[in-house]
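**Q** just a sequence and a predicted model for now, questions to come.
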Amino acid sequence: MNHLYGRLWMGIHWIMELRTEPDWRDIRRNVNGHTFYWVRCGKGRFIVNGERELAVIGGMLFYLKPGLKLQMESDPDDPLVITMVLLMLQELSPEPAPEDNAGKEEAAPNLQNVTMRGKPVEELELPFMTELEGEERLKFDSLFDRLLTAWVPGQPVSELLTKAHLHQLLYDTAQLAYSGHRNGEVGPDIFRRIKEELEREYAHDLVLQEVAARHGISVSYLRELFVRYMEISPKSYLDQVRNEHAKRMLAYTINPIKEIGERCGYNDEYHFSKRFKQMNGMSPSAYRAKIRAGFIG
């Protein structure tokens, strides 16, 4: 999944449920933000940027990037009910502390003087429209119910809870996007389950043949799913997950490198060090020294 999601700052502008009237017509007025429309029920029509026309029914989720123009119409006999969420999003990037901490014995990098800089997010890597059915539709119905209930404008505690639900919305929508969600197709569901297993069990000695067998598929099909949905092999994805955990253990603990390798699923220190250097261009010990000196953000 895109690393942008781990660096997002969000500002909530508006959350509301719109119950339209028969033959209702309107346009998207707040085009400067990121908007989610969850169509709960009803029928209608959307016209995108004055050109593309879409028939709209209940169970459709729309993500509208900033600048996108939208005309909306409701069916005269079955008007739309839509939950709307309007957000401002920025990508945060840290600036490392200016002082040089090389040679100090602290277990973690010095974060005292780190500042965060933000830049507007132009677009999330999400589909414009996703149509959901069955359990997936019920899950999003429940999520948008929680958003409507949680949000009280101007109340900090309410905003904290609402943002938790919004992060869940981004996660669930991104998972659908990255798994190539198709109604009735088994492959995306298997892919998501195996991806989550690799993320959860990364510290263990995972054998991909055994993982595939547990989910009733062949290793070749497992590889096909990862290449289709993530453009990398399952082994490469597992290596990425382990590598990110290892980097943080090197930065924020004083655990020996051998132990960190073992906790990240590597059987011996040599194999761990070799793979770490291949992925990061330096050995684990060099990485630890540089991040403590403030040279790596």
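**A** Now that the structure is in, tell me what you want to look at.

**Q** just for the stretch 101-250 of the chain, where's the confidence low?
**A** For the stretch 101-250 of the chain, residues meeting the criterion pLDDT under 70 lie at 101-114, 178-187.

**Q** what about the helices in this protein?
**A** 134-150, 156-178, 186-200, 208-214, 219-230, 234-252, 257-263, 269-280, 284-292 (DSSP state H).

**Q** between those helices, which gets nearest to Asn32?
**A** When the helices of the chain are compared by C-beta to C-beta, helix 156-178 sits nearest Asn32, at 17.9 Å. Using the backbone N, CA and C atoms, a C-beta is placed for each residue, glycine as well.

**Q** give the buried residues for the closest one.
**A** Within helix 156-178, the residues scored as buried using 16 or more other C-beta atoms under 10 Å are 159, 161-163, 165-166, 169-170, 173-178.

**Q** ok, and what's touching stretch 60-69?
**A** If you take C-beta atoms under 8 Å, 6 or more residues apart in numbering as the criterion, stretch 60-69 is touched by 27-28, 31-39, 46, 48-50, 70, 120, 122-124, 126-132, 140, 173.

**Q** sorry, back to before: save the buried residues of helix 156-178 as CSV, and put in distance to Lys65 too.
**A** Shown next, in CSV, are the buried residues of helix 156-178 (distance: C-beta to C-beta, whole Å):
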residue, distance to Lys65
Glu159, 23
Leu161, 26
Thr162, 21
Lys163, 20
His165, 21
Leu166, 16
Leu169, 16
Leu170, 14
Thr173, 13
Ala174, 14
Gln175, 19
Leu176, 17
Ala177, 13
Tyr178, 17
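
**Q** the residues you listed: which two are farthest apart?
**A** Pairwise over the buried residues of helix 156-178, using C-beta to C-beta, the maximum falls at Glu159 and Tyr178, 27.7 Å.

**Q** re the thing from before, make a PyMOL selection of the buried ones in the contacts of stretch 60-69.
**A** Typed into PyMOL, the line below selects the buried ones among the contacts of stretch 60-69, using 16+ other C-beta under 10 Å:
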select buried, resi 28+33+34+35+36+37+38+39+46+48+70+124+126+129+130+131+132+140+173
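
**Q** among the contacts of stretch 60-69, which are located in strands?
**A** For the contacts of stretch 60-69, the ones inside strands are 27, 34-39, 46, 48, 70, 120, 129-131, with DSSP state E as the criterion.

**Q** quick check, nearest of the residues you listed to Gln155?
**A** The closest of the ones in strands among the contacts of stretch 60-69, once distances to Gln155 are taken by C-beta to C-beta, is Phe36, at 21.1 Å.
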